[in-house]
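*Asks:* need the 3D shape of this:
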Amino acid sequence: MKTVIINSIIVIIFLSCAICLAEEEQKPEYVLPVQALAPDSPPAAWSEEKVTTEHETLMGAEIITDMGGKHFSGTYWIFIVVTLTFLSMILIPFIPGIIETFRPKDDYPLPVKMDYSKDPRFFGKSFRAKLNQPASQVLANNSLSTESNMQFVTISREEKAEFITDKEININSTVHHVLYVQNSLKTNSNVRFLKEIYIRGNAYIGENNTIRALAADGKIVLGTLSNIMRWVDAIGSIEVGEGCNLGVSVSTESYLKIGKHCVFKRLYGLPIMTYNTIETKLVAGFPNPPEVLTNPVSTIEDTTILLAKDYKITSDQEVEKDIIAKDNLIIEDEAIIEGTLRVYGNVVLGKNVVCFGNVFAEGNIDIQENTVVIGNLFSQSIITLANGVRIGTKEASKSVIGKKQIILSENVVIFGYVLTEGSGVIR
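*Replies:* The predicted model follows:
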């Protein structure tokens, strides 16, 4: 489209220039009288040889103004050539499309895997796959013991790796190589790992540790004020102390429990829990979803409510349809929403609200105390979840995505995935 517009502008400019040149050169042509051109011819022949239909005499010369019977000026030929050239430049971009329309070669649909979903534990799984092969060779040689066994392995490039059964690292130590531990790992405070770690058992990380990347087949206990440079992944549970920087990603097949004042980018757990979570609410308190509509749907008005300005849903309302709000939307305490919310402004869900659908907003999403959302949350701005909020269920994990920021309070439970491009914080 941009090419067509640019070519059109160039054509207009050149045509304008050509017309100006044509007008400049289209002046009367002065010729000598016919007598001077053919002095031997009789006067009667002079008038017969004229092919013009109109002439004037100026200063003893004839002015020929009729172009029809004489010739075309060179400027007009330039005008025609330039016009045809740039018209072809406009048409050239459309030629492949025209050919494909009448003689299609790739009219088959693209092979799209419709059931594909991103694996939130990709980092941990790929790292395990790269380290398991050299580890199996060490085990086959029966050379794995409590003593250090150094080997060279290829991860992204060739690295030195230590293979050992169990490991405890002293205070203020720095580990410069990849570490493979068959059983369990324990570290004291102020330990720095400059390379990746793979633990086949449990990992107990002391306070104020710095870890590049950590994968564990058991559980991970991460001490306070620890710093993750890249990612952490576990098959077992992960418990995070206060004030930790969780790097790019923390994921687990089990539950993930995070202390206050931690910062994050991406979390995955079944479930994710913030500090002071009431365990009994993990299995109780979730409402039953509404029954599926059996009546046929004829128009969009049958399933959707359109709100053109700021609107407030009161606590005594039970909304069975989807809602599209062109501006801000406030849902008061204890309201029940069975559909999905699509809001172009900010949306506020009050205390003890139940929403069975998804919540999408161009602005902020603010969910207050003890509210339950069974669906997904997506905001182009900031998501704030207050004390007691529950997102998703164990049977159906969901996503919480806030582009600019996600703020989680204590006693928040999310079954599934949390992601922000900005900053995430446990307050």
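
*Asks:* looking at this protein, which strand is longest?
*Replies:* What stands out as the longest strand in the chain, according to DSSP state E, is strand 413-426.

*Asks:* what packs against it?
*Replies:* Where contact means 3 or more C-beta pairs under 8 Å, 6 or more residues apart in numbering; DSSP states H and E, strand 413-426 is packed against strand 263-274, strand 390-391, strand 398-402, strand 405-408. C-beta coordinates here come from the backbone N, C-alpha and C atoms, glycine included.

*Asks:* let's see it at 6 Å
*Replies:* strand 263-274, strand 398-402, strand 405-408 (3 or more C-beta pairs under 6 Å, 6 or more residues apart in numbering; DSSP states H and E).

*Asks:* in the helix or strand containing residue 232, what's buried?
*Replies:* Taking DSSP states H and E as the definition, one finds residue 232 inside strand 227-234. Neighbour counts over strand 227-234 (16 or more other C-beta atoms under 10 Å) mark 228, 231-234 as buried.

*Asks:* ok, back up a step: would you turn the helices and strands packed on strand 413-426 into CSV with mean pLDDT, mean neighbour count and distance to residue 156?
*Replies:* CSV is the format used below for the helices and strands packed on strand 413-426 (pLDDT from 0 to 100; neighbours: other C-beta atoms under 10 Å; distance: least, C-beta to C-beta, whole Å):
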stretch, mean pLDDT, mean neighbour count, distance to residue 156
strand 263-274, 96, 22, 20
strand 398-402, 96, 22, 29
strand 405-408, 98, 22, 30
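
*Asks:* follow-up on the earlier one: now the strand holding residue 232: how far from the chain's centre is it?
*Replies:* Strand 227-234 sits 23 Å away from the centroid of its parent chain (C-alpha atoms, centre = their mean, to the nearest Å).

*Asks:* quick one: name whatever helix or strand follows it.
*Replies:* Next along from strand 227-234, by DSSP H and E: strand 238-240.

*Asks:* ok, residues contacting that following strand?
*Replies:* Applying C-beta atoms under 6 Å, 6 or more residues apart in numbering, the contact partners of strand 238-240 are 220-222, 252, 256-259, 262.

*Asks:* residue 258 is in contact with residue 269, correct?
*Replies:* No - look at residue 269 against residue 258 with C-beta atoms under 6 Å: they stay out of range, at 9.0 Å.

*Asks:* rebuild the buried residues of strand 227-234 as a markdown table, extending it with distance to residue 162 and pLDDT.
*Replies:* Converted to a markdown table, those look like this (distance: C-beta to C-beta, whole Å; pLDDT from 0 to 100):
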| residue | distance to residue 162 | pLDDT |
| --- | --- | --- |
| 228 | 20 | 97 |
| 231 | 20 | 97 |
| 232 | 19 | 97 |
| 233 | 20 | 97 |
| 234 | 21 | 97 |
